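> I would like to see how this sequence folds:
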Amino acid sequence: MSIPDNVKIVALNRRAHFDFSVEETFECGVSLLGTEVKSIKEGRVSFTDSYAEVRQGEVWVKNLHVSEYVFASVFSHDPDRPKKLLLHAQEIKRIDRRVREKGYTLIPLSIYLKHGLIKIELGLCKGKKAFDKRADIKERELQRDIRREIRERNQ
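Alright, predicted model coming up:
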C-alpha cells in the first residue's frame, strides 16, 4: 500500500500477508465508541485472529482487540466487542458474493487515520498453503541478501 501524505498508519497486520494471499482491498469506516477512538489513536490495538463477516447486509469485524482507554473511568468500552464496518451497499453485496465462494475470508490488514477519521483496510483473502509460505520466506531472504550485497559494494 502506498501511503499518501494525509494518512497516518496506526497498526499493521503483518501476519495477514504471511498467512493469506490478498485478492482485493477495501477502505472501511468503523463505528466506534469515544474511548475506543482514543485507544486506537494511541496505537493500543491488536489484530490477533481478527476477521470480518457479513451478517444481514452489514459487515462486522470480530476479535479486533482495542485496549481500554487508561483515563476513562467506569464508562470504558468492552475491548473485544464486535465493531461495525461502514461500506457502501454495493460493496457489501460484492464482498458477500465473494466470501460465499470457497476459501475466501475478510481480514483487517491495517488501521489508519485519514483526515482525522479512523479507517480499516479490509482484505478479501485466500489462505496460503505451507509451500506458498516457504516460497515467501525464500523470496524475502533473497531480497535481504541482495540489499546486503548492494550495501557492501557501495561502501
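> so where's the longest helix in the chain?
With secondary structure taken from DSSP state H, the chain has its longest helix at helix 130-154.
> Which elements pack onto that one?
In terms of contacts (3 or more C-beta pairs under 8 Å, 6 or more residues apart in numbering; DSSP states H and E), helix 130-154 is packed against helix 14-19. Where you see a C-beta, it was placed from the backbone N, CA and C, and this is true even at glycine.
> next SSE after the helix or strand of the chain with the lowest mean pLDDT?
Across the helices and strands of the chain, the lowest-confidence element by mean pLDDT, DSSP states H and E is helix 14-19, at a mean of 80. Remark: after helix 14-19, the chain's next helix or strand is strand 20-30, criterion DSSP states H and E.
> Would you give the sheet partners of that next one, along with the direction of each?
Strand 20-30 pairs in its sheet with strand 83-86 (antiparallel), strand 117-127 (antiparallel), by DSSP bridges.
> tilt between it and helix 130-154?
Relative orientation of strand 20-30 versus helix 130-154 (axes from the mean of the first three to the mean of the last three C-alpha atoms, to 10 degrees): 90 degrees.
> residues of strand 20-30 that come out buried?
20, 26, 28, 30 (16 or more other C-beta atoms under 10 Å).
> CA atoms only for stretch 91-101 - export them in CSV, please.
Extracted as CSV, the C-alpha positions of stretch 91-101 are listed here (Å, rounded to 0.1, in the frame of the first residue of the first chain):
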residue,chain,number,x,y,z
GLU,A,91,-19.6,-3.1,-1.9
ILE,A,92,-21.2,-5.2,0.8
LYS,A,93,-23.1,-7.2,-1.8
ARG,A,94,-20.0,-7.8,-3.9
ILE,A,95,-18.0,-8.8,-0.8
ASP,A,96,-20.8,-11.2,0.4
ARG,A,97,-20.8,-12.9,-3.0
ARG,A,98,-17.0,-13.4,-3.0
VAL,A,99,-16.9,-14.6,0.7
ARG,A,100,-19.5,-17.3,-0.1
GLU,A,101,-17.1,-18.7,-2.7
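> Please list all residues in contact with the spatially most central residue of the chain.
In the chain, the residue lying closest to the centroid (C-alpha atoms, centre = their mean) is residue 109, at 2.1 Å. Contact analysis of residue 109 by C-beta atoms under 8 Å, 6 or more residues apart in numbering lists 1, 12, 13, 16, 17, 22, 25, 121, 122, 123.
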